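Asks: I'd like to go over a predicted model; first the sequence, then the structure.
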Amino acid sequence: MERENFGSKVGAILAAAGSAVGLGNVWRFPIETGQNGGAAFIIIYVLCILALGLPIMISEFLIGRYTHANTAGAFRIVSNGSPWKWVGRMGVFTGWFILCYYVVVGAWTMHYTFLSVTNAFYEVPAREYETIFNGFVSNPWMPTLWLLVFIGVIHYVITRGVQSGIEKSAKLMMPTLFVITVFLAICSVSLPGASQGIEFLLRPDWSKVNSTVVLEAMGQAFYSLSLAMGCLCTYASYFDKKTPLAKSAVNVAVIDTLIAIMAGFIIFPSVFNIGMDPNEVGVGASLTFVSLPNVFQQALGDGSVLAVVFSTLFYFLLFVAALTSAISLHEVATAYVTEEFGMSRKRGATLVTVSILVLGTLCSLSFGPLSDVKLFDRNIFSIFDDLSGRILLPIGGMLISIFAGWVLDRKLYHDELSNGGDLKAPYFKLLVFSLRYIAPLAIGLVLLDQMGVFQFLALK
Ligand code: PHE
């Protein structure tokens, strides 16, 4: 069967950026930045991207484009039958695992878009937002219904194929996402008292930076760039041979970081405008679905048109960000089953969709009827989240960097990186140095930290 490619370089970059820009950019990065030293944190984050994010992203791109195969197939080819082939399979598994809980939050963003557009937050007292959220997620039907819709949209895009599905939707959604982000940031920044919010986000405070902060920045860079989950490798398998790998990787990282910083410009000026303590807004779901709806109502005028438009656009933005990331995760698994088991794209996609419907529903119900099902004191959702993000992801990243730095043929690497000599690659030696030494060591530390080893040894 003829394998599809992306039709244009822009399409390829936007698709990869769509994978990178996701929930992490909005619900984690801004608050981490504000609390951990503002511009100082951003500088450290950018250094992490330069020192390990880009080398690993470029390696994933390279392996995908060189083999033109799904991630498991790609690693099988480049590993020449050695056990390194397992790195690819692990990436596919991790991506699929992340997808199972990621879709649950994607579904929530749809519900909150709906609530915003129907002005459902009008005259809701501040303390009620938590009740609304808890009532929604613990309900057995509503979140499951939205989950069906969210997964339905992903399925539709994936079955349309690489060019008319993934690329076309990325070309539509990424510019939309960018425009909405800029618009919301401008609105928020023009609120009275906004400058304090900007100061909270950006004022460099190096005294806040310690080893934990550095490890957090690394972990965030990894997750945010969608590394080690087969996404970038799979998308790169649809790149044509002329796509410049390093330049594309830099583009993706720049877009991802810009959106993350702008998300901070949306959030903190509004938070300060209503005189809320930024250290109380929470992170993740509690920030996004409990604190922010309240903040936006109060900052923009309870029930006003502006408040409705602002929060609708904000949740729609989150929806688009989550959707493009979820599509990339779905594609990893779809490419895997279709190519490795010789199925049609439609059948392969359906198989993946059904599997995430089942597991996603279990994750979703773990906030309601299944909340008593626990392992290591975690509900089903957290098991998926923690296992993939804290353990599988860093292990995968470390293995990819070791493989790319030590095992993959150097000449092959250089040839691919320079597109057969067409491009100059003066950074090649640095790249290999990072892949060999810096990245494995740094990720190893993140892994130990995520597993709580430092805490256990009372080093933190
Ligand atoms: N990068 C996405 C985010 O920032 C998450 C993601 C991880 C998406 C891995 C795909 C693969 O939210």
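Replies: Arrived safely, thanks for sending. Numbering: from 1, shown residues only.
Asks: What is the neighbour count of Val320?
Replies: By other CB atoms under 10 Å, the residues close to Val320 number 23. The C-beta positions use only the backbone N, C-alpha and C, and glycine is treated the same way.
Asks: which of the residues in the strand or helix carrying it are buried?
Replies: Assigned by DSSP states H and E, Val320 falls within helix 305-340. For helix 305-340, the buried set under the neighbour-count rule, 16 or more other CB atoms under 10 Å, comprises 307-340.
Asks: mean confidence for stretch 342-350?
Replies: For stretch 342-350, the mean pLDDT works out to 97.
Asks: Okay, now the unreliable bits of this protein?
Replies: Counting by pLDDT under 70, the chain contains low-confidence ranges at 1, 456-460.
Asks: Work out for me the element the residue of the stretch 51-200 of the chain found nearest the ligand sits within.
Replies: Residue of the stretch 51-200 of the chain nearest the ligand, by CB to the nearest ligand atom: Ile98 (5.6 Å). Secondary structure assignment for Ile98, by DSSP H and E: helix 85-117.
Asks: So what's the gap between that helix and the chain middle?
Replies: How far helix 85-117 lies from its chain's middle: 9 Å, per CA atoms, centre = their mean, to the nearest Å.
Asks: which SS state does Ser355 fall under?
Replies: Of the three states, Ser355 takes helix under DSSP: H, G, I helix; E, B strand; the rest coil.
Asks: Same check on Phe367?
Replies: coil.
Asks: next one: the one 3 residues further on
Replies: Put simply, Leu370 is coil when judged by three-state DSSP.
Asks: which residues touch it?
Replies: Neighbouring residues of Leu370 by CB atoms under 8 Å, 6 or more residues apart in numbering: Leu362, Asn379, Ile380.
Asks: ok, of those, which one's closest to the ligand?
Replies: Minimum distance to the ligand across those is 19.2 Å, recorded for Ile380 (CB to the nearest ligand atom).
Asks: Can you give me the neighbour number for the closest one?
Replies: By other CB under 10 Å, the residues close to Ile380 number 22.
Asks: if you look at stretch 14-26, does any of it touch the ligand?
Replies: Yes - counting by CB under 6 Å from any ligand atom, the ligand has neighbours in stretch 14-26: Ser19, Ala20, Gly22, Leu23, Gly24, Asn25.
Asks: Give me the buried subset of those residues.
Replies: Buried by 16+ other CB under 10 Å: Ser19, Ala20, Gly22, Leu23, Gly24, Asn25, out of those.
Asks: got the contact list for the host helix or strand of Ala299?
Replies: Assigned by DSSP H and E, Ala299 belongs to helix 292-300. With CB under 8 Å, 6+ apart as the test, helix 292-300 has contacts from 112, 115-116, 121-122, 124, 126, 129, 187-188, 191, 267, 270-271, 273-274, 276, 281, 303, 306-307, 310-311, 314.
Asks: Now do the contacts for Pro30.
Replies: Going by CB under 8 Å, 6+ apart, Pro30 touches Leu201, Ala260, Ile261, Ala263, Gly264, Ile267, Phe268.
Asks: mind redoing it with 10 Å?
Replies: Neighbour list for Pro30: 200-201, 260-268, 271, 278, 281, 283, 287 [criterion: CB atoms under 10 Å, 6 or more residues apart in numbering].
Asks: For the ligand, state which of these is nearest.
Replies: Among these, and counting by CB to the nearest ligand atom, the member closest to the ligand is Ala260, at 8.1 Å.
Asks: Quick check, that closest one in contact with Val21.
Replies: Yes - using CB atoms under 10 Å, Ala260 is in contact with Val21, at 8.0 Å.
Asks: and the stretch 301-450 of the chain, which residues reach the ligand?
Replies: Neighbours of the ligand within the stretch 301-450 of the chain, by CB under 6 Å from any ligand atom: Ser325, Ser328, Leu329.
Asks: okay, those residues in TSV with distance to Gly348 next?
Replies: Shown next, in TSV, are these (distance: CB to CB, whole Å):
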residue	distance to Gly348
Ser325	20
Ser328	16
Leu329	14
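Asks: May I have the phi/psi pair for Arg378?
Replies: For Arg378, the backbone dihedrals (degrees, to the nearest 10) come out as phi -120, psi 140.
Asks: For it, which non-adjacent residue is closest in space?
Replies: Nearest non-adjacent residue to Arg378, counting by CB to CB, 6 or more residues apart in numbering: Asp386, 6.4 Å away.
Asks: which residues are common contacts for Ala260 and Val21?
Replies: Thr181, Ser224.
Asks: More neighbours: which of the two?
Replies: Val21 (33 against 24).
Asks: Wait, the more buried one touches Thr181, no?
Replies: Yes - the criterion here is CB under 10 Å, and Val21 meets it with Thr181 at 9.1 Å.
Asks: which residues are common contacts for those two?
Replies: Between them, Val21 and Thr181 share these contacting residues under CB under 10 Å, 6+ apart: Leu258, Ile259, Ala260, Ala263, Leu317, Val320, Ala321.
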